[in-house]
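>>> This is the structure alone, sequence omitted:
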């Protein structure tokens, strides 16, 4: 698989992830309900299913068979929407063929499903299969629109993708009795179609009408969320925030507007920017913000510089001899105008790819890279070996047994790695989410660091 296709695939995985909204009183699955999930798993293996919360944060439930025999593992999963979606995402590497195999499913739990029932799956060959009709994945429909999405992204290189191309996909499923009589397929087909229209014609009236008149946002939240998010990205400068809380919009629609606004404002390119102050003020008036203020506010505003300096100065780190020192002392022993902090782990392939890329770059002389390992202490020998293999000059392991260190990682919201933070010699925070090495802006912005 080419690098470009792989990047597009990862983008689409993020692009079509599911999101739960408010509950519906007519639903058989209400807020705080749980569903029972059973997976038939081979010996000494495991798999995970993901479900997302109201802020689009995924929670993975691990099903593991530690025995020497085939077992059925059953767990309860809390759901909060009318049509819960269970995510399955796996990239399997075949050592024999040296190829990667992607498994991607969104299992939609049908409205006919009673919470007293159990959803049955089988884990086989790295893939997950539904064994009943209550949890269905419409893979063929997804693949059809996925291919159109790729074509749109590459239209300047391959061909000019048109609305007629998209119409043909829509009508194939719309006019086929097998799919047209399927409520879920019908709804998904419409949502995918509108979502793709946005990529081809952002100002299309269909998109405008959906945003303004959508009174039924309860089906398949991932695509609905993406429609609203794209709409806000395209029109943030002209949105009339004073009218957004009026009775013109129903509760579900307001939820998706506020959720999409939150996701837009937390993006690294928009976070804390003065031109979006009106959007932040509006978001703070919403029900979504009131119920999730402690999570949302730090996400849409930059870290406090003074608090960041206080916490990072006392960070306890281990060197390759497992000697402990604080971050402030390490900075004094390795003077530089600026420092790029690279948070990584030995098991993280993107982290290792980033380290390799940086080694092959002409990093400015006034910037030093400090690699901060996040492996657990019982893996410290593995960390040291990998740090040496990857030729890290300033490499330290964060002591995760220290509560102060844990508080720091929580403060900077280190929810994923690799993560790059740019600071100056006085520990002032310049960029809390700096560009990754594969981004074309990485080296360019690093060379103009004095202009920050």
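Yep, it's here. These numbers were taken from a predicted model, which means no experiment stands behind them.

>>> For residue 56, give its distance to residue 280.
Counting by Cβ to Cβ, to the nearest Å, the gap from residue 56 to residue 280 is 18 Å. Every C-beta, even on glycine, is put in place using the N, C-alpha and C of the backbone.

>>> Kindly report the same for residue 235.
Residue 235 is 17 Å from residue 280, by Cβ to Cβ.

>>> who's more crowded, these two?
Higher neighbour count among residue 235 and residue 280: residue 280, with 21 against 14, using other Cβ atoms under 10 Å.

>>> in which helix or strand would I find that one?
Using DSSP states H and E, residue 280 maps to helix 277-283.

>>> Which strands and helices lie in contact with the next helix-or-strand element following that helix?
Remark: after helix 277-283, the chain's next helix or strand is helix 287-291, criterion DSSP H and E. With contacts taken as 3 or more Cβ pairs under 8 Å, 6 or more residues apart in numbering; DSSP states H and E, helix 287-291 sits against helix 251-266, helix 293-300.

>>> So which of these is the most surrounded?
helix 251-266 (a mean of 21; mean count of other Cβ atoms under 10 Å).

>>> quick one: it to helix 293-300, angle?
40 degrees (axes from the mean of the first three to the mean of the last three Cα atoms, to 10 degrees).

>>> Let me know the average pLDDT across helix 251-266.
Per-residue pLDDT over helix 251-266 has a mean of 87.

>>> Kindly confirm my reading that residue 340 is in a strand.
Yes: under DSSP: H, G, I helix; E, B strand; the rest coil, residue 340 sits within a strand.

>>> Quick check: bridge partners of it?
residue 369, residue 422 (DSSP bridges).

>>> I'd like to know which of the helices and strands packed on helix 287-291 lies nearest to residue 447.
Closest approach to residue 447 among the helices and strands packed on helix 287-291 is made by helix 251-266 (27.3 Å; Cβ to Cβ).

>>> other SSEs contacting the closest one?
So helix 251-266, by 3+ Cβ pairs under 8 Å, 6+ apart, packs with helix 221-235, helix 277-283, helix 287-291, helix 293-300.

>>> Tell me which of those approaches residue 200 most closely.
That would be helix 221-235 among those, by Cβ to Cβ, at 11.7 Å.

>>> helices and strands around that closest one, which ones?
Looks like helix 221-235 contacts helix 183-200, helix 205-213, helix 251-266 (3+ Cβ pairs under 8 Å, 6+ apart).

>>> change it to 6 Å
For helix 221-235, the packing partners by 3 or more Cβ pairs under 6 Å, 6 or more residues apart in numbering; DSSP states H and E come out as helix 183-200, helix 251-266.

>>> pLDDT averaged over the longest one, what's the number?
What that stands for is helix 183-200. 86.

>>> Buried deepest among the helices and strands packed on helix 251-266, which one?
helix 221-235 comes out most buried of the helices and strands packed on helix 251-266 by mean count of other Cβ under 10 Å, with a mean of 21.

>>> The helix holding residue 280 - what's its average pLDDT?
On average, helix 277-283 scores 91.

>>> So what touches it?
For helix 277-283, contacts defined as Cβ atoms under 6 Å, 6 or more residues apart in numbering pick out 241, 261, 289, 300.

>>> if we can go back for a sec, looking at the helices and strands packed on helix 287-291, spot the one closest to residue 69.
helix 293-300 (42.1 Å).

>>> and residue 138, how far is that from residue 189?
Counting by Cβ to Cβ, the gap from residue 138 to residue 189 is 9 Å.
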